[in-house]
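Asks: just need the structure, nothing else, for what follows:
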Amino acid sequence: MLSQSQVNLIRGSASLLAEGNVAVTQAFYDNLFAAAPGVRKLFSEDMFDQSEKLWNSIVTVVESAKDLGEIEDELLAMGARHVRYGALPEHYPVVNEILIATIASIAGDTWTNDHQDAWQAALGAVTSLMIQGATEDAG
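Replies: Residues are numbered from 1 along each chain as shown. Below is the predicted model of the structure:
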């Protein structure tokens with residue numbers, strides 16, 4: 001569970017993201033495909049819908065940051081779906097790292113180690129539930 005301070009940091013930095021959601025998701029995918037070119041094949045050529053899905057997922061995590069248990073079922077189901085797309089457990093840390101780095105680059109000078117820790121905690125919890133969903137779906 002995230003502390004109220006972490007929730008506030010996530011929501012504060014997310015407000016910067018909201019100013020350019022398309023740019024944020026485009027930057028994320030550009031960074032992801034540069035860092036892990038092998039995952040590009042898991043996505044369609046037209047990234048518009050995928051970018052929208054990513055943005056909606058970010059919004060959901062931000063809105064539920066106080067209690068990620070509120071979206072547990074959604075995250076378990078998302079993890080199960082991602083298995084069908086070809087996602088592997090080792091992809092999750094890379095995605096988290098790139099997403100946090102992308103958010104940090106957009107936040108610029110306002111980004112702190114506390115922001116980093118808050119996003120890592122939130123995405124770690126999200127990842128854990130998604131991997132659990134993937135595992136349950138495979139089992």
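Asks: which ones are touching residue 122?
Replies: 2, 6, 10, 61, 65, 68 (CB atoms under 8 Å, 6 or more residues apart in numbering). For every residue, glycine as well, the C-beta is placed using N, CA and C.
Asks: torsion angles phi and psi at it?
Replies: phi -70, psi -50 (degrees, to the nearest 10).
Asks: from residue 60, how far off is it?
Replies: 11 Å (CB to CB, to the nearest Å).
Asks: now do residue 105
Replies: 22 Å.
Asks: the two: who's more crowded?
Replies: More crowded of residue 105 and residue 60, by other CB atoms under 10 Å: residue 60, with 17 against 12.
Asks: now do the closest residue to that one other than its chain neighbours, the pLDDT please.
Replies: Spatially, and ignoring its direct neighbours in sequence, residue 60 is nearest to residue 71 (5.9 Å; CB to CB, 6 or more residues apart in numbering). Residue 71 is assigned 96 on the pLDDT scale.
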